[in-house]
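>>> Based on what follows, work out the 3D shape:
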Amino acid sequence: MERKMNCRDLVNVVVIGAQKSATSAIIRHLSEVDNVWGGIKEHHFFSVHHEKGVEWYHNQLQKNYEKSSGEKKSVFEHSVVIEKSPSYMSVLESASRIYKYNPLMKIIVSLRNPVARAYSRYQDILADNPERIKSSFYETAVNSIKNNHHYTENGCYSKQLAPYFKIFPRENILIKIQERMELEPTAEFREIGEFVIDTPLDIKPRRVHSNKYREPIDRKSEALLADYYREKNEDLFKLLGEEIPEWNY
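Numbering: from 1, shown residues only. All right, here's what the predicted structure looks like:
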């Protein structure tokens, strides 16, 4: 039987941003603040491992904390404990599970142009495990659209965010756009700090991951995906109540 927990025994911020959208940068910069801890390791508890229970989840966080810090104190001695897992967007049941775990949870959503996100994912696999790549990016995109594969499906943000907007108060959700964080990192991270700890983050943001692609996305693939995501992006803009001009083609 799992012990009863008070509010200090809970993760109180999750980063659910899409893959390849600066989620690692967000959690690393927040972790530089005193009394804030966030682990880069992704536990996927609310999406994949929920059946293992909260005690398992907290044990994983504790192990992660001890390994990264070398300290033995409880991770929940920090005022803010943050976890990130991109799958919390793609697995739609995650929103209700997070709310049941902590209805006061603050949620940071980092989004990236879905066309660029899909190409970035393809390039990562090409660099790390090239034997998995059996076709060109254009062919991969066509097949992904046809079969609802993760290359394209994970960029359908409106469908993924709808459960969060339905369950959580809007003030508990902060939307960040990766392209804006690259252009104006100081201002963007100050806002993140105000959201998480009620104090602007006064840091010098730096790139956590730097991808150098073998070649830029070809225009044929870009046009295909831009057309595929056009209506889906419009649905996202309606959900957010604002457009994202950085994604215009």
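
>>> pLDDT on stretch 237-249, on average?
Taken as a whole, stretch 237-249 carries a mean pLDDT of 92.

>>> Can you show me the CA trace of it as CSV?
What follows is stretch 237-249, C-alpha atoms only, in CSV (Å, rounded to 0.1, in the frame of the first residue of the first chain):
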residue,chain,number,x,y,z
PHE,A,237,-4.3,28.4,-33.0
LYS,A,238,-8.0,28.3,-32.1
LEU,A,239,-7.2,26.3,-29.0
LEU,A,240,-4.5,28.6,-27.9
GLY,A,241,-6.4,31.8,-28.8
GLU,A,242,-3.5,33.1,-30.9
GLU,A,243,-1.6,32.4,-34.1
ILE,A,244,2.1,31.4,-34.3
PRO,A,245,3.5,33.6,-37.2
GLU,A,246,6.9,31.9,-36.8
TRP,A,247,5.4,28.8,-38.5
ASN,A,248,4.2,30.6,-41.6
TYR,A,249,5.6,29.3,-45.0
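
>>> Can you tell me what sits against it?
The contact list for stretch 237-249 (CB atoms under 8 Å, 6 or more residues apart in numbering) reads 111, 113-115, 158, 161-162, 165, 175, 177, 179-180, 222-223, 226, 233, 236. Heads up, the C-betas are built off the backbone N, CA and C, glycines and all.

>>> which among the residues you listed end up buried?
Buried residues within those, counting neighbours by 16 or more other CB atoms under 10 Å: 111, 113-115, 158, 161, 175, 177, 179-180, 222, 226, 233, 236.

>>> Secondary structure added to these, as CSV?
Output for the buried ones among the contacts of stretch 237-249, formatted as CSV (DSSP: H, G, I helix; E, B strand; the rest coil):
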residue, secondary structure
Leu111, strand
Asn113, coil
Pro114, helix
Val115, helix
Ser158, helix
Leu161, helix
Ile175, strand
Ile177, strand
Glu179, helix
Arg180, helix
Glu222, helix
Ala226, helix
Asn233, helix
Leu236, helix
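
>>> Next up, the contacts around Tyr101.
Tyr101 neighbours (CB under 8 Å, 6+ apart): 10-11, 46, 54.
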